[in-house]
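1. Okay, predicted coordinates and the sequence, questions at the end:
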Amino acid sequence: MIALNENDHWGEEDKLQKRIGVLLVNLGTPEGTDYRSIRRYLSQFLSDRRVIEIPPWLWQPILQGPILTFRPRRLSKSYERVWDKTENKSPLAVVTKRQAEKVQDYFNKQNVLIDWAMRYGQPSIAKKLDYLKSKDCNHILILSLYPQYSATTTATVNDAVFKHLMTYRMQPAVRTTFSFAQDPIYIAALKQNIEQKLSEYKHRPEQILLSFHGLPQRYVNAGDPYEQDCQATATALRLAMGKTEPEMPLVYQSRFGPDKWLEPNITDIIEKSLQQGIKRLAVVAPGFMADCLETMDEINHEYRHLFMSKGGEEFMYIPCLNDSLIAINMLHKLITKEIQGWIS
Ligand SMILES: C=CC1=C(C)c2cc3[nH]c(cc4nc(cc5[nH]c(cc1n2)c(C)c5CCC(=O)O)C(CCC(=O)O)=C4C)c(C)c3C=C
Ligand SMILES: [Fe+2]
Ligand SMILES: [Fe+2]
């Protein structure tokens, strides 16, 4: 049992008054592009037993040995390419912070406090829960910024939240979110964002790839609903946009390790599309609420190069929802729905 702090109390304000805090949580990212920062981040992330389902006695020597020796060096160059030089932060952190700040403007009148945290690295979930507590928030909504549920993302956010709440004598009321994979509010935002971004190009793409972060197949076999959620998003989005599956196929990216991952892999589909004579390709990543290493570098750098070097003529990367007006409106609606009954 974690020791409770004797001075653990809420502010001296009326404790019965409802005060709502909302914590937007995303994955996490290194604090810098140097070897040490990336190593620290990967070590925490890849030691999460929800992320890597291999017994620690077997996994830790591999992680602490070859992976944390070589991978940070390679990633350093990738993070350098996407780093926000003005803020001196990773794009994932910059965007998540802006999302929280902009959504806060919508909730000022209702006295709802919006903040953000990262599951791995900083600002930590523990630190931000303490902050919300110091502001007398006795009702807290945890909004995991993953539209598709996975135990490797959403569940591990909840683990971190409840683990920290074990240290509280007086716990707030807490709501967590499951997924919003086929929520009409999210699908409408995706559609609007895609149409807006594509209208900036002279030509229409012949195909739009819906690229989702991958997952080991055995996690899905064990009951993770992630694949189903990705398919639900793809189906709803095609329906909303009047597109067929060949016009808008679902693909998976970001493989890691030797396991079998969800199929089809994005590189195989890019090759196939090239063989079919497709010259103008668009790619959007609906599972990412913010542009990050996996979209800016992996898609917009690596796969752009793959497509263009093998005969493609135009590669249209459609940015994520980020802190656009479309995204902030969407988050406002989602939060309003999730805090129903807490607010009049
Ligand atoms: C077994 C390993 C991994 C699983 C399972 C996994 C699931 C998963 N990840 C995201 C979202 C993001 N992942 C990001 C980076 C990233 N992911 C993994 C591994 C797994 N992810 C690694 C090792 C990395 C680091 C980069 C690399 O080494 O290639 C990021 C970007 C972070 C950033 O700093 O920008 C995001 C976002 C989801 C949604 C998901 C669920 C299926
Ligand atoms: Fe990942
Ligand atoms: Fe990657």
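-> That came in fine, so what should we check first? Ligands and ions are numbered 1, 2, ... in the order given.
2. Distance of whatever residue of the stretch 101-250 of the chain ends up closest to ligand 3 relative to Lys128?
-> Relative to ligand 3, the nearest point of the stretch 101-250 of the chain is His213 (8.4 Å; Cβ to the ion). For the C-beta atoms, the positions are set from N, CA and C on the backbone; glycine is no exception. From His213 across to Lys128, the span is 24 Å (Cβ to Cβ, to the nearest Å).
3. and if you look at Arg218?
-> 33 Å.
4. Leu63 too?
-> Distance from Leu63 to Lys128, counting by Cβ to Cβ: 27 Å.
5. Compare those two (neighbour count), which wins?
-> Lys128 (23 against 18; other Cβ atoms under 10 Å).
6. what about the more buried one, helix or strand, and which?
-> Using DSSP states H and E, Lys128 sits in helix 125-134.
7. before we move on, what about Met316?
-> Met316 belongs to strand 314-318 when assigned by DSSP H and E.
8. what does the helix or strand immediately after that strand in the chain contact?
-> Next along the chain after strand 314-318, taking DSSP H and E as the criterion, comes helix 325-338. The contact list for helix 325-338, computed with Cβ atoms under 8 Å, 6 or more residues apart in numbering, reads 22, 24, 99, 102-103, 106-107, 112, 114, 141, 143, 175, 177, 180, 183, 185-186, 188-189, 192-193, 196, 289, 321, 343.
9. how about 7 Å then?
-> With contact meaning Cβ atoms under 7 Å, 6 or more residues apart in numbering, helix 325-338 is reached by 22, 99, 102-103, 106, 141, 143, 175, 177, 180, 185-186, 189, 192-193, 321.
10. Identify each buried residue in it, please.
-> Neighbour-count burial for helix 325-338 flags Ile326, Ala327, Ile328, Asn329, Met330, Leu331, His332, Lys333, Leu334, Ile335, Glu338 (criterion: 16 or more other Cβ atoms under 10 Å).
11. per-residue confidence at the fourth one?
-> As predicted, Asn329 sits at a pLDDT of 98.
12. Then the first one?
-> Looking at Ile326, its pLDDT is 98.
13. Make residue 1 into 3 and carry on from there
-> Yes, from this point I'll number from 3; that puts the last item at Ile328.
14. Distance of Lys111 relative to Ile345?
-> To Ile345, Lys111 is 11 Å away according to Cβ to Cβ.
15. what about these two, which has more around it?
-> Ile345 (14 against 7).
16. Neighbours of the closest residue to the more buried one other than its chain neighbours, how many?
-> Computed as Cβ to Cβ, 6 or more residues apart in numbering, the closest residue to Ile345 that is not its neighbour in sequence is Gln112, at 5.9 Å. Counted with other Cβ under 10 Å, residues neighbouring Gln112 total 12.
17. List, one by one, the residues from the protein near ligand 1.
-> Proximity of the chain to ligand 1 (Cβ under 6 Å from any ligand atom) is limited to residues 29, 31, 53-54, 73, 77, 92, 94, 148, 152, 154-155, 215, 217, 228, 256, 258, 289-290, 294-296.
18. Next step: those residues restricted to helices.
-> Counting by DSSP state H, the residues of the chain next to ligand 1 place Arg73, Leu77, Leu94, Tyr228 in helices.
19. and Gly225, how many residues sit next to it?
-> Look at Gly225: counted by other Cβ under 10 Å, it has 7 neighbours.
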